[in-house]
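Everything below, folded, please.
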Amino acid sequence: MTITWNDSVPIYRQLQQRVVAMILDGALNEGDPLPSVRQVAADYQINPLTVSKAYQELVDEQLVEKRRGLGMFVIEGAREALLKSERERFLREEWPALFARLQRLGLDLKTLLREAATDKEQKS
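Residues are numbered from 1 along each chain as shown. The predicted model follows:
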């Protein structure tokens, strides 16, 4: 995990969001262990309590589980639950502003898809 900390968001929240992104991206799969609190704290030179708070938020969101003596693990169904909630959040919070901006700029779906295909070809 490579992380650049943002001063406007608490570190525990950024760490929690990073783990969520790793689950969504498939870097962490169901049943995979999370790095230990001590390891993450040492790697990023942050307080172990900060890491514990981030991990506890993931437990509270029912994305990971504590296994006594073994650590934290991504639970079954975590990715699907995240996809559902992140899609709903995007449509509720981000899409209206994005859609309004697209309209102001006179961009339509056909143009966006054409641009996406062009970008994809250039990167290949």
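
Phi and psi next, for Gly71.
phi 120, psi -160 (degrees, to the nearest 10).

can you check Met72 too?
Residue torsions, per degrees, to the nearest 10, at Met72 are phi -110, psi 140.

contacting residues for it?
Met72 makes contact with 33-34, 55, 58-59, 64-66 under the criterion CB atoms under 8 Å, 6 or more residues apart in numbering. Bear in mind the C-beta positions are built from the backbone N, C-alpha and C, glycine included.

Local confidence estimate at the residue nearest to the spatial centre of the chain?
Per CA atoms, centre = their mean, the C-alpha nearest to the average position across the chain is that of Ala21, at 2.3 Å. Ala21 is assigned 95 on the pLDDT scale.

Same question for Asn6.
pLDDT at Asn6 comes out at 88.

what about it, distance to Leu105?
Relative to Leu105, Asn6 is positioned 28 Å away (CB to CB, to the nearest Å).

Number of residues surrounding Val19?
23 (other CB atoms under 10 Å).

what's it in contact with, if anything?
If you count contacts by CB under 8 Å, 6+ apart, Val19 has them with 28, 34, 54-55, 58, 63-64.

Looking at the residues you listed, which are in helices?
Judged by DSSP state H, the contacts of Val19 include 54-55, 58 as members of helices.

about what we covered before: pull out the buried residues from whichever helix or strand the residue nearest to the centre of the chain is part of.
Assigned by DSSP states H and E, Ala21 belongs to helix 11-25. Neighbour counts over helix 11-25 (16 or more other CB atoms under 10 Å) mark 11-12, 14-16, 18-20, 22-23 as buried.

domain assignment for the chain?
Per the record, the chain has its domains at 11-76, 79-123, by automatic domain parsing.

follow-up on the earlier one: and the gap between the residue nearest to the centre of the chain and Val40?
15 Å.

Restricting to C-alpha, output stretch 55-72 in PDB.
The C-alpha coordinates for stretch 55-72 follow below in PDB (Å, rounded to 0.1, in the frame of the first residue of the first chain):
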ATOM      1  CA  TYR A  55      -9.600  -1.400  11.100                       C
ATOM      2  CA  GLN A  56     -12.400  -1.100  13.600                       C
ATOM      3  CA  GLU A  57     -14.400   1.000  11.200                       C
ATOM      4  CA  LEU A  58     -14.100  -1.800   8.600                       C
ATOM      5  CA  VAL A  59     -15.300  -4.200  11.300                       C
ATOM      6  CA  ASP A  60     -18.200  -1.900  12.100                       C
ATOM      7  CA  GLU A  61     -19.100  -1.700   8.400                       C
ATOM      8  CA  GLN A  62     -19.000  -5.500   8.300                       C
ATOM      9  CA  LEU A  63     -16.300  -5.600   5.600                       C
ATOM     10  CA  VAL A  64     -13.700  -7.400   7.700                       C
ATOM     11  CA  GLU A  65     -13.700  -9.700  10.700                       C
ATOM     12  CA  LYS A  66     -11.400 -10.200  13.700                       C
ATOM     13  CA  ARG A  67     -10.200 -13.800  14.100                       C
ATOM     14  CA  ARG A  68      -8.800 -14.100  17.600                       C
ATOM     15  CA  GLY A  69      -5.100 -14.800  17.500                       C
ATOM     16  CA  LEU A  70      -5.000 -14.700  13.700                       C
ATOM     17  CA  GLY A  71      -5.800 -11.100  12.700                       C
ATOM     18  CA  MET A  72      -8.300  -9.300  10.500                       C
END
